[in-house]
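Chemist: whatever this is, show me its structure:
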Amino acid sequence: MRRVLVPLAATAAAAVVGALVLAIPEASAAVGGVTGYATQNGGTTGGAGGQTVRATTGTAIHAALCGRASSSTPIVIQVEGTINHGNTTKVSGASCNTAAGVIELKQISNVTIVGVGSGAVFDQLGIHIREASNIIIQNVTVQNVKKSGSPTSNGGDAIGMESTVRNVWVDHVNLLASGGEDAGFDGLFDMKDNTQYVTLSYSTLRNSGRGGLIGSSESDRSNGFVTFHHNLYENIDSRTPLLRGGIAHIYNNYYVSLHESGINSRAGARARVDNNYFKNSKDVLGTFYTSEAGTWQVNGNIFDNVTWSAPGSDNNPAGPNVTSNTTVSIPYAFTLDGASCVPSVVAATAGANRGLQVSNGSCSPTTPPTGNPTQNPTTPPPTQGPTNPPSGTNLSIGAGADGSSKASGTSYGNVRDGDLATYWSPAGATGSISIKWSAATSVSRINIREASGATGAIGNWRVLNGDTGAVLATGSRAGVITFARTSAKKITFDITSSTATPRVAEFETYAS
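Modeler: Model (predicted):
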């Protein structure tokens with residue numbers, strides 16, 4: 001198998017050479033097949049057929065782009081670890097146009113960025129796609145990107161596209177914020193100024209004031225042909241998405257706790273809304289905050305505890321009697337899961353570090369074929385080990401415990417008492433629990449054991465060094481989790497998503 005190295009452009013700073021950490025065999029673009037509107041306009045292949053490199057810093061990502069023979073030379077960039085402001089600098093070269101403090105995909109094409117190994121987290125650092133085409137982003141987390149406060153990145157957008165962007169596939173990603181505009185955040189997934197042929201699939205969008213938009217203003221109607229499918233939108237105020245002009249196909253998504261409005265079709269937009277599940281939300285479909293109406297075609301959706309506001313001059317909710325007011329023809333093949341199983345199939349497939357599972361169209365998750373070197377995300381990530389308990393001494397017995405707010409009737413100490421009948425639950429759907437010691441203790445493996453009747457409730461998680469806040473591992477589902485041996489006085493298990501109330505019966509810790 002031939003091994004290749006990425007040549008750095010002559011103008012790239014010599015200091016970035018060490019940032020490209022591995023020479024990887026040549027490989028194709030991404031796991032699974034592209035879906036939705038990203039299949040149109042010639043299709044989306046990303047870096048298929050190009051060189052593959054691995055990067056552990058933002059600077060290394062930029063260096064890989066700048067080291068290509070041209071701005072269109074295909075490349076697959078495998079990313080592992082935490083990418084942040086501290087390790088993301090501008091790199092110069094004839095084949096790139098990068099910047100510090102953001103992952104800049106500007107005036108380029110034929111690129112895949114895929115998370116591998118123990119996971120890739122872009123922390124407080126956005127991904128900006130501008131004047132670019134044929135881009136794939138897969139199996140990564142982008143979190144807490146701000147437009148105000150410190151540090152700032154990408155105008156507060158987790159992923160933002162603008163200025164003649166074509167053919168982008170974003171798949172199995174986590175897009176997270178920690179509040180709305182008043183807390184410094186903007187959109188999780190924004191498209192504007194002539195962005196077309198985009199698919200967002202099997203992803204989670206959570207804890208934000210704004211889910212995302214198509215079009216920056218009522219006059220920005222050059223965008224469209226966007227597909228959203230099998231995504232989770234949870235704890236979001238509005239814009240799931242906001243559509244200004246253009247066509248969007250929105251199917252098999254799970255919407256939970258939309259506080260103000262959901263799919264906002266306005267300014268002439270046309271939305272095809274098929275077999276989605278809306279739960280515990282308000283005004284999930286319609287035209288809101290403008291008199292310039294959009295339209296929708298609806299089929300097979302479930303509205304579970306959805307409330308609707310009264311119509312007004314600037315508000316036209318589609319419910320409570322939701323009917324179609326347009327027809328939208330879809331040019332590609334697709335298979336719908338029944339709306340009733342959308343919560344379960346999305347919980348099993350959406351997000352990074354979930355094995356890149358997809359739906360088979362019959363409400364059952366399936367794993368795409370493997371066998372390609374870039375496809376190692378399809379195997380269980382190294383941070384999630386076998387479910388059988390590790391051997392050795394459970395260091396949690398006799399240690400202390402604390403955490404975020406706990407649900408009534410539960411206790412932090414229940415996770416270290418050796419009793420599976422007792423447990424800790426967070427006060428909400430997410431939260432953190434820690435084991436702590438009086439002196440630094442070496443730990444390389446933990447075992448999270450859920451209480452009886454709550455198996456599978458834990459979704460995505462992070463393991464943190466409680467002393468420094470460093471992320472030791474990311475993944476999904478409870479079980480045995482391994483990471484590099486760490487000496488700390490506190491290890492924290494942070495639950496970032498769940499399908500039901502988590503119940504952690506035991507948080508076991510082991511030296512090996």
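
Chemist: partner strands of the longest strand anywhere in the chain, parallel or antiparallel?
Modeler: Longest strand in the chain by number of residues, with DSSP state E as the criterion: strand 431-450. In the sheet, strand 431-450 lines up against strand 400-403 (antiparallel), strand 480-495 (antiparallel), strand 504-510 (antiparallel) (DSSP bridges).

Chemist: output that strand as PDB, nothing but the C-alphas.
Modeler: Provided in PDB are the C-alpha atoms of strand 431-450 (Å, rounded to 0.1, in the frame of the first residue of the first chain):
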ATOM      1  CA  GLY A 431     -25.400  17.200  33.300                       C
ATOM      2  CA  SER A 432     -22.100  16.000  34.800                       C
ATOM      3  CA  ILE A 433     -21.000  13.700  37.600                       C
ATOM      4  CA  SER A 434     -17.400  13.500  39.000                       C
ATOM      5  CA  ILE A 435     -15.300  11.100  41.000                       C
ATOM      6  CA  LYS A 436     -12.700  12.900  43.100                       C
ATOM      7  CA  TRP A 437      -9.800  12.000  45.400                       C
ATOM      8  CA  SER A 438      -7.700  13.800  48.000                       C
ATOM      9  CA  ALA A 439      -4.500  13.200  46.000                       C
ATOM     10  CA  ALA A 440      -3.800  12.800  42.200                       C
ATOM     11  CA  THR A 441      -4.800   9.400  41.000                       C
ATOM     12  CA  SER A 442      -3.800   7.700  37.800                       C
ATOM     13  CA  VAL A 443      -6.900   6.600  35.700                       C
ATOM     14  CA  SER A 444      -7.000   5.300  32.100                       C
ATOM     15  CA  ARG A 445     -10.400   3.600  32.100                       C
ATOM     16  CA  ILE A 446     -13.900   4.200  33.400                       C
ATOM     17  CA  ASN A 447     -17.100   2.200  33.400                       C
ATOM     18  CA  ILE A 448     -20.400   4.000  33.300                       C
ATOM     19  CA  ARG A 449     -23.200   1.600  34.400                       C
ATOM     20  CA  GLU A 450     -26.800   2.700  33.900                       C
END
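
Chemist: ok, back up a step: out of the strands paired with strand 431-450, flag the one nearest residue 440.
Modeler: strand 480-495 (4.7 Å; CB to CB). Backbone N, C-alpha and C define where each C-beta goes, glycine included.

Chemist: so for that closest one, what gets flagged as buried?
Modeler: 480-483, 486, 488-495 (16 or more other CB atoms under 10 Å).

Chemist: kindly report the same for stretch 34-42.
Modeler: 34-40.

Chemist: show residues contacting it.
Modeler: Residues outside stretch 34-42 that contact it (CB atoms under 8 Å, 6 or more residues apart in numbering): 43-45, 136, 166-169, 171, 196-199, 201, 225-227, 229, 249, 331-332, 334.

Chemist: may I see the buried residues of the host helix or strand of residue 305?
Modeler: Residue 305 belongs to strand 302-307 when assigned by DSSP states H and E. By neighbour count with 16+ other CB under 10 Å, strand 302-307 contains the buried residues 302-303, 306.

Chemist: coming back round to it: possible to save the buried residues of strand 480-495 as a markdown table with pLDDT and distance to residue 152?
Modeler: Listed next are those as a markdown table, based on pLDDT from 0 to 100; distance: CB to CB, whole Å:
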| residue | pLDDT | distance to residue 152 |
| --- | --- | --- |
| 480 | 90 | 38 |
| 481 | 91 | 32 |
| 482 | 87 | 35 |
| 483 | 88 | 30 |
| 486 | 91 | 30 |
| 488 | 93 | 30 |
| 489 | 95 | 32 |
| 490 | 95 | 30 |
| 491 | 95 | 31 |
| 492 | 94 | 27 |
| 493 | 94 | 30 |
| 494 | 90 | 24 |
| 495 | 90 | 28 |
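
Chemist: nearest to residue 146 among those?
Modeler: With CB to CB as the yardstick, the closest approach to residue 146 among the buried residues of strand 480-495 comes from residue 494, at 19.7 Å.

Chemist: which residues does the closest one contact?
Modeler: 431-432, 461-464.

Chemist: can you pull the phi/psi pair for the residue most central in space within the chain?
Modeler: With distances taken as CA atoms, centre = their mean, residue 174 lies nearest the centre of the chain, 1.4 Å away. Dihedral pair for residue 174: phi -110, psi 120, per degrees, to the nearest 10.

Chemist: quick revisit: so which of the contacts of residue 494 is the most crowded?
Modeler: residue 461 (26 neighbours; other CB atoms under 10 Å).

Chemist: residue boundaries of the helices in the stretch 201-350 of the chain?
Modeler: Ranges of helices in the stretch 201-350 of the chain, per DSSP state H, counting those that start in this stretch, are 342-349.

Chemist: tell me how many other residues crowd the residue lying closest to residue 159 once chain neighbours are set aside.
Modeler: Excluding the flanking residues, the one nearest residue 159 by CB to CB, 6 or more residues apart in numbering is residue 127, at 4.9 Å. Other residues lying near residue 127 total 27 when counted by other CB under 10 Å.

Chemist: list the contacts for residue 127?
Modeler: Contacts of residue 127 (CB under 8 Å, 6+ apart): 102-103, 105, 113, 137, 142, 154, 158-160.

Chemist: dump these to JSON lines, plus secondary structure and distance to residue 500.
Modeler: As requested, the contacts of residue 127 are exported to JSON lines (DSSP: H, G, I helix; E, B strand; the rest coil; distance: CB to CB, whole Å):
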{"residue": "102", "secondary structure": "coil", "distance to residue 500": "36"}
{"residue": "103", "secondary structure": "strand", "distance to residue 500": "34"}
{"residue": "105", "secondary structure": "strand", "distance to residue 500": "37"}
{"residue": "113", "secondary structure": "strand", "distance to residue 500": "32"}
{"residue": "137", "secondary structure": "strand", "distance to residue 500": "29"}
{"residue": "142", "secondary structure": "strand", "distance to residue 500": "26"}
{"residue": "154", "secondary structure": "helix", "distance to residue 500": "33"}
{"residue": "158", "secondary structure": "coil", "distance to residue 500": "26"}
{"residue": "159", "secondary structure": "strand", "distance to residue 500": "28"}
{"residue": "160", "secondary structure": "strand", "distance to residue 500": "33"}
